[in-house]
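K.L.:
What follows is a predicted protein model with its sequence.
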Amino acid sequence: MILESLHQDAFSEVINVGIGRAGSMLSDLVSQRIELHVPELRICTLDELNELLKSNGELLDTSIYQDFQGRVNGRAILGFPRESGLKLGQILAGLDDTPDELDVDLSGILVEVGNIVMNGVLGSIANMFESQLSYTVPELSVTDGVMELARVNWLARPDMEQTVIYSDAHFSVAGTDVHGSLVLIFRLQEIEKAISSLLMATA
Amino acid sequence: MYQFFNLAEFRREITDFLPVGICVIDRQLMVHHWNRQLADWTGVSAHEIFGRTLADCFPELDRPTFKSRIEDGFQSGCPVTFSSAIHRFVLRARSAFSPDGLMCQDALLMPLRDHPDHAMLVITDVTRRVQESNALRQERTKLKLFAEELRRQAEALKVAEANALQANRAKSEFLANVSHEIRTPMTAILGFADVLNDFEVSAEERANAIGTIRANGEHLLQLINDILDISKIEAGRLEMEVAPCRLPELIDDLSKLFTPRAQQRGIAFDIKIAPFTPTVFDTDPLRLKQVLINLLSNAMKFTDSGSVELSVSLIADGAERATMQFEVADSGIGMTDNQLARLFQAFVQVDTSAARRIHGTGLGLVISKRICELLGGGIAVRSQSKVGTRFIVSLPVDVSRLGSQVVPLAKKDSAESSTTGPNIASLTGVKVLVAEDGLDNQKLLSFRLRKEGADFTIVGDGAAAVDAVRHAAHCGRPFDVVLMDIQMPVLDGYEATGQIRANGLTVPIIALTAHAMATDRQVCLESGCTDYHSKPIKWPELRALIVSCIKAATATAQTEDQTILQ
């Protein structure tokens, strides 16, 4: 598979550029240093993603997701365990104690954080493919886990498989490490075609 | 194809109809569309803002956090969200629902796909939602505090439960102890009663058996009194009856009680009264006597050789206050520091070993301490193992109430005690009516009165007693004294006494009752009784009471006769 063999590193670089931009933007937004880090990308199928998430043993039930359309179609998901989502919201809202539940304020903060991170990543991918993409408005889900959001989407087509780019996502802020997961789902055939075109153009 | 910067009228109406603020801007923030809602919220009309940038009318938008995000949105074509929690608002607007009058806004910048240099800015008023959320958060905080308080109370309840269990265990141990204390004398009483019933015994053996039965009976009585006292203390119902206490009488009683006991044990018993000790002072005389009897009994019990000494003195605390001090010192076995620490704990015996030499419920000192506290004073103790123990009872007294009664006592006391001893006349021929429904007590009183040579009649209820007294008076042979049980069938002792007095009969009536409360005595006297004796019957005391009542009645009758003659 082209994705696995040749371009994992290229994707990693593109995504890290987007993540770096997002970190800088978040730092400006809340006037404190925030470092975002995606240590290692994995490219896998939806079934493999399912096994991976199960083996991590954490339920990622607080997720921001956004769909994109264009030369490549897909869905981006930034998922957190509830406790991590609350912790990140607490730090960015400047609250003294970690709240028990996601209220209106914390939900708004998480959506904005997800929006900044996913814009960074998706903007970099669009630039890589030199393509204009259109996006849906980011949404917060607190009922479905990441796996449900990955499986139940509009991408399914009989002639297309789906592939997943997965990475842990670490937010270091105010001396605290908050972790989550970044999941990008593409139609495999579309992204392979886009990469081939890119390679040919580069050659 | 959208042409928002040349909007047709119907498109304008659509955006004007929506309950959100909508505007279209370009990369320089120049405004191309401005819906009615935004005009209402901000007070800036479409006419005013067209041809100007947003930052001209809303300087807050010049902040880098906004500008960089908006630029990023135009560049990437990605939607950009602004949450009210971070930015509070994007375009300054008024809201009646906000405490500071400023609207809370969520905003979305949506670059237009076919016009990448233009974007739609959608603003939602979330002021009420934020207020409700804040109120909810406050309620949640209150609930958390409430839950914390409940948790604390549950903890306190657990502690209270543990304490109750501990108290229950102490009570169980106490009951086991009391059970033992009752069974021991009861065994002696029943055993010697069997001996008297079943065997031919010599006069000496008989006297010994009766003495043992009596001593054990008294021990049981003391135990019952102690248990009643401790239950009253625990219920907070132990009340003191303060009255003048006559020291010579108190000392005389104690001397008569403990001198024979000291002689039996082969130890000395001395009483020392310091000079200028008052003969009369205010306290509860009966309760003080109870405390001193308890301390002296303990001292006698724990002293095998040497002496027990009671010292009484008055210590001045100033011009108006003074303390009566009663010190009981013995040369007995003494106590260790550990034993002293447990001395005044309820239901605790200093020596708890099964093989302890001296038995008891461990209540006497607890009761004594509480009595002294209720009288405004206290008990102190000093002890040294194998050397002896010294208990000091201190009771505050009002100097102004002592007056001239403060006199040296030492010699007066001995003189008084020698002259004021009992001088009880014979009961031979004395006419006595016994009103008593209990057969055993009827038997006991019959035996005593027969032995004394009294002329007695027994009735079984109050109504019969009233008839007997009336009949005797009518026949000109009135009774000299009536012994009146209180709890009787048909007519109780109170009613019977009342009816006798209502008939104008002044015969002395002595109430006999198992109700041992101080208030019961008062009720008996108020119902017309002349005096009161609490059961069980202590014959020497009752005999003395009979004699004194008859003497008093005779003296009154003589005075009345002389008055009539004059």
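P.N.:
On my side now, so go ahead.

K.L.:
From here on, just use CA atoms for contacts and neighbour counts.
P.N.:
Will do.

K.L.:
mind listing what residue 81 touches?
P.N.:
Went with chain A since none was named. With contacts defined as Cα atoms under 8 Å, 6 or more residues apart in numbering or on different chains, the neighbours of residue A:81 are A:58-62, A:180.

K.L.:
nope, chain B
P.N.:
Taking Cα under 8 Å, 6+ apart as the contact definition, residue B:81 lies against A:111-112, A:115, B:106-109.

K.L.:
what's the closest of these to residue B:336?
P.N.:
Here the nearest of the contacts of residue B:81 to residue B:336, counting by Cα to Cα, is residue A:111; it sits at 75.6 Å.

K.L.:
now that closest one: how far from residue B:133?
P.N.:
Residue A:111 sits at a distance of 17 Å from residue B:133 (criterion: Cα to Cα, to the nearest Å).

K.L.:
before we move on, the earlier item: narrow the contacts of residue B:81 to those in helices?
P.N.:
Secondary structure from DSSP state H places A:111-112, A:115 of those in helices.

K.L.:
hang on, the earlier thing: turn the contacts of residue A:81 into a markdown table, including pLDDT, neighbour count and secondary structure.
P.N.:
As requested, those are arranged in a markdown table below (pLDDT from 0 to 100; neighbours: other Cα atoms under 10 Å in any protein chain shown; DSSP: H, G, I helix; E, B strand; the rest coil):
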| residue | pLDDT | neighbour count | secondary structure |
| --- | --- | --- | --- |
| A:58 | 84 | 12 | coil |
| A:59 | 88 | 16 | coil |
| A:60 | 90 | 22 | coil |
| A:61 | 90 | 21 | coil |
| A:62 | 94 | 25 | strand |
| A:180 | 91 | 22 | strand |
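
K.L.:
re the thing from before, filter the ones in helices among the contacts of residue B:81 by proximity to chain B?
P.N.:
Restricting the ones in helices among the contacts of residue B:81 to those within reach of chain B (Cα under 8 Å from any Cα of the partner chain) leaves A:111-112, A:115.

K.L.:
Same list, the contacts of residue A:81, but as CSV with distance to chain B please.
P.N.:
Shown next, in CSV, are those (distance: Cα to the nearest Cα, whole Å):
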residue, distance to chain B
A:58, 27
A:59, 25
A:60, 23
A:61, 21
A:62, 17
A:180, 21
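
K.L.:
Report the mean confidence score over stretch B:46-57.
P.N.:
Mean pLDDT, computed over stretch B:46-57, is 90.

K.L.:
Can you give me the distance of the residue nearest to residue B:219 when sequence neighbours are not counted to residue B:211?
P.N.:
Using Cα to Cα, 6 or more residues apart in numbering or on different chains and skipping residues adjacent in sequence, the residue nearest residue B:219 is residue B:185, 7.3 Å away. Relative to residue B:211, residue B:185 is positioned 12 Å away (criterion: Cα to Cα).

K.L.:
Quick one: neighbours of the closest residue to residue B:514 other than its chain neighbours, just the number.
P.N.:
When the adjacent residues along the chain are set aside, residue B:514 lies closest to residue B:535, with 4.7 Å between them (Cα to Cα, 6+ apart). For residue B:535, the count of nearby residues is 15 (other Cα atoms under 10 Å in any protein chain shown).

K.L.:
same deal with residue B:150?
P.N.:
Under the criterion other Cα under 10 Å, the count of neighbours that residue B:150 has is 12.

K.L.:
With residue B:448 instead?
P.N.:
13.

K.L.:
How about residue 118: what's its closest non-neighbour residue?
P.N.:
Reading this off chain A. With sequence-adjacent residues excluded and distances taken as Cα to Cα, 6+ apart, residue A:118 is closest to residue A:76, at 6.8 Å.

K.L.:
please go with chain B instead
P.N.:
Take residue B:118 and drop its neighbours on the chain: the residue closest to it by Cα to Cα, 6+ apart is residue B:26, 4.3 Å away.

K.L.:
repeat for residue A:17
P.N.:
When the adjacent residues along the chain are set aside, residue A:17 lies closest to residue A:124, with 7.0 Å between them (Cα to Cα, 6+ apart).
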